[in-house]
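In: How does the following fold in three dimensions:
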Amino acid sequence: MGHSHAHKHSHNHDLNGRNLFISILLNIVITVAQVVGGLISGSLALLSDALHNLSDVVSLIISLIANKLVRQKASLKRTFGYKRAEILAAFINAATLIIIAILLIFEAVERFKNPQQIESNLVIWLSVIAILGNGFSVLLLKKNAGDNMNMKSAYLHLLTDMMASVAVLVGGLLMKFYQIWWIDSVLTFAISIYLIVMGWNLLKDSFRVLMLFTPESTSVDSIVKDIQTIDTIKNVHHVHIWQLNEEEIHLEAHIDFNKNITLSEFDTILDEIEELVYHKYEINHINIQPEFGKCDTKDVIVQD
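Out: Numbering: from 1, shown residues only. Reported below is the predicted structural model:
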């Protein structure tokens with residue numbers, strides 16, 4: 001089996017964990033304030049923003065737990081440890097984004113049919129507080145949002161909520177100065193559609209990883225052709241390529257050799273394959289089964 005080129009990023013995990021914890025505390029305060037304010041003012045947009053903030057709290061807690069789990073060492077019962085915890089957290093968070101957004105759409109339609117007068121001053125001030133709180137959380141998580149899907153899901157939750165608060169603020173101002181009460185429902189609907197779009201992309205990406213699909217940027221045919229250019233290799237077949245988490249892409253394959261090579265010769269070829277797939281395709285874990293004259297299916301993809 002090929003050695004790994006991946007490196008540990010414990011410092012990043014510690015930093016991410018601290019930032020997630022701070023964001024959780026901020027969003028708890030914002031959620032409580034918006035629920036109370038939404039009930040007093042009668043604003044559906046404010047209550048929908050509060051519900052989204054509540055989902056932020058849950059999603060951030062899930063992300064924080066995943067951030068802690070991923071650092072636990074592998075064991076006899078868990079040979080991969082919890083390396084997929086953050087991918088699972090991203091999938092759950094994306095799913096909750098979509099579910100909440102759909103529920104909000106139904107509420108927005110009902111409220112649009114029966115618009116209600118709203119205490120706009122309270123809506124304005126609470127939306128400003130939410131913008132400041134979520135804005136600070138967004139800045140905390142932005143730097144590491146590209147590191148893994150878990151941090152990206154937490155970042156998206158907070159970013160969309162900050163944008164939702166901006167929309168609520170605009171709505172509050174329109175209601176205060178122009179008495180346009182139906183804008184509350186329209187903004188809720190627009191926020192919900194945006195959440196569905198953002199959540200769907202993340203849900204799709206995390207689903208691909210959980211289902212062991214080949215990474216979208218990886219071409220199996222190109223990898224097979226490149227490996228087969230190495231001397232003594234006759235055929236590459238029975239190939240599996242999957243992404244374990246944000247840092248590891250695995251390759252498993254059977255390789256037919258033109259001659260009955262020694263184990264030391266195989267080790268040299270294995271090193272060459274490792275360097276090839278790592279530098280060209282960013283695959284950092286490989287498992288190769290060498291074969292010579294074996295009668296089996298030589299198809300690149302074989303249904304196990």
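
In: list the helices and strands the top strand by length along the chain packs on?
Out: Of all the elements of type strand in the chain, the one with the most residues (DSSP state E) is strand 233-243. Judged by 3 or more Cβ pairs under 8 Å, 6 or more residues apart in numbering; DSSP states H and E, strand 233-243 is in contact with helix 183-210, helix 220-227, strand 249-257. In this view, the C-beta of every residue, glycine as well, is placed from N, C-alpha and C.

In: which residues are contacting that strand?
Out: Here strand 233-243 makes contact (Cβ atoms under 8 Å, 6 or more residues apart in numbering) with 208-209, 212-215, 218, 220, 223-224, 227-228, 249-258, 269, 283, 289, 296-302.

In: How about stretch 202-218?
Out: 84, 87-88, 90-91, 93-95, 97-98, 149, 152-153, 156, 220, 240-245, 249, 281, 283.

In: Which of the residues in that stretch are classified as buried?
Out: Applying a neighbour-count criterion of 16 or more other Cβ atoms under 10 Å, one finds Leu202, Leu203, Asp205, Ser206, Arg208, Val209, Thr214, Pro215, Thr218 buried in stretch 202-218.

In: how about these in TSV, adding distance to Leu263?
Out: Output for those, formatted as TSV (distance: Cβ to Cβ, whole Å):
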residue	distance to Leu263
Leu202	45
Leu203	45
Asp205	40
Ser206	40
Arg208	36
Val209	34
Thr214	30
Pro215	31
Thr218	29
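
In: And these, which is closest to Gly37?
Out: Leu202 (29.3 Å; Cβ to Cβ).

In: From Ala94, how far off is the closest one?
Out: 4 Å (Cβ to Cβ, to the nearest Å).

In: Look up the residues that both of those two are in contact with.
Out: In contact with both Leu202 and Ala94: Ser153, using Cβ under 8 Å, 6+ apart.

In: Any stretches of this protein with poor pLDDT?
Out: 1-15, 45, 116-118, 147-148, 304 (pLDDT under 70).

In: Where does the record place the domain boundaries for it?
Out: 10-210, 220-291 (automatic domain parsing).

In: Could you identify which of those is most buried?
Out: Of all the domains of the chain, domain 10-210 has the most neighbours on average by mean count of other Cβ atoms under 10 Å, namely a mean of 20.

In: for this structure, which helix is longest?
Out: Scanning the chain for the longest helix, with DSSP state H as the assignment, gives helix 10-41.

In: Give me the distance from that helix to the chain's centre.
Out: 19 Å (Cα atoms, centre = their mean, to the nearest Å).
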